[in-house]
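**Student:** Predicted model, plus sequence, below.
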Amino acid sequence: MVKVYSRYGIWIALILIAYFLLLKLIGLHQYPTLSAVNGLIFGLGIYLALKKYKSRKNNFKYEKGFEVGLLSGGIASIIFTVFMAIYMYQIDTEFAAGIMKRWNLDYDLGTFMLLFTILIMGFATTLILTLAFMQLLKNSWNTQDGNRNTMK
């Protein structure tokens, strides 16, 4: 299980970083609305991690699948936030100020507020997507013969 969520968490983070650098190359990295694609990247990575884990296990337990989804997304969120911290503090120090100016905020919360927002958004996205995908992938408690156990 550790191999699955760590491998997929790292891959999700690498794809997020590549997407951000692609936006930077094109010149669109200043638009926060384009970060909606991050949700698709998270979703695809978490779904693939859950499918991989489920294919390896004969008895797929909800708790273990939920753990795989949360940890793969959590690892990706932390790695991406660390990358963004390095980017904002070392490479492009004006990036955070440009984002805050674009949001028309009257107060300056600095780069840390953006990093905290990136981390919380990653964790929230991970939680919601894991809950949704586990509903698709969990084993059903319904019986094979349908209505045998219903009251008449």
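**Tutor:** Happy to help now that I have it.

**Student:** Give the other helices and strands that the host helix or strand of residue 70 contacts.
**Tutor:** Assigned by DSSP states H and E, residue 70 belongs to helix 62-86. In terms of contacts (3 or more C-beta pairs under 8 Å, 6 or more residues apart in numbering; DSSP states H and E), helix 62-86 is packed against helix 2-26, helix 36-56, helix 110-137. Just so you know, the C-beta spots here come from the backbone N, C-alpha and C atoms, and that holds for glycine as well.

**Student:** Mean neighbour count and distance to residue 77 added to these, as TSV?
**Tutor:** Shown next, in TSV, are the helices and strands packed on helix 62-86 (neighbours: other C-beta atoms under 10 Å; distance: least, C-beta to C-beta, whole Å):
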stretch	mean neighbour count	distance to residue 77
helix 2-26	17	8
helix 36-56	18	8
helix 110-137	16	3
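
**Student:** and the following helix or strand past the helix holding residue 70, how far from the chain's centre?
**Tutor:** Sequence-wise, the next helix or strand downstream of helix 62-86 (DSSP H and E) is helix 95-102. Chain-centre distance of helix 95-102: 23 Å, with C-alpha atoms, centre = their mean, to the nearest Å.

**Student:** if I pick the most centrally placed residue in the chain, what's in contact with it?
**Tutor:** Geometric centre of the chain, nearest residue: residue 42, 3.7 Å, by C-alpha atoms, centre = their mean. Residue 42 makes contacts with 12, 16, 73, 76, 122, 125-126, 129, as judged by C-beta atoms under 8 Å, 6 or more residues apart in numbering.

**Student:** Can you tell me which of those is closest to residue 30?
**Tutor:** Closest approach to residue 30 among the contacts of residue 42 (C-beta to C-beta): residue 16, at 17.0 Å.

**Student:** The closest one reaches residue 39, doesn't it?
**Tutor:** No. Using C-beta atoms under 8 Å, residue 16 is not in contact with residue 39, being 10.6 Å away.

**Student:** other SSEs contacting the helix or strand bottoming out on mean pLDDT in the chain?
**Tutor:** Least confident helix or strand of the chain, by mean pLDDT, DSSP states H and E, is helix 95-102 with a mean of 72. Judged by 3+ C-beta pairs under 8 Å, 6+ apart, helix 95-102 is in contact with helix 110-137.
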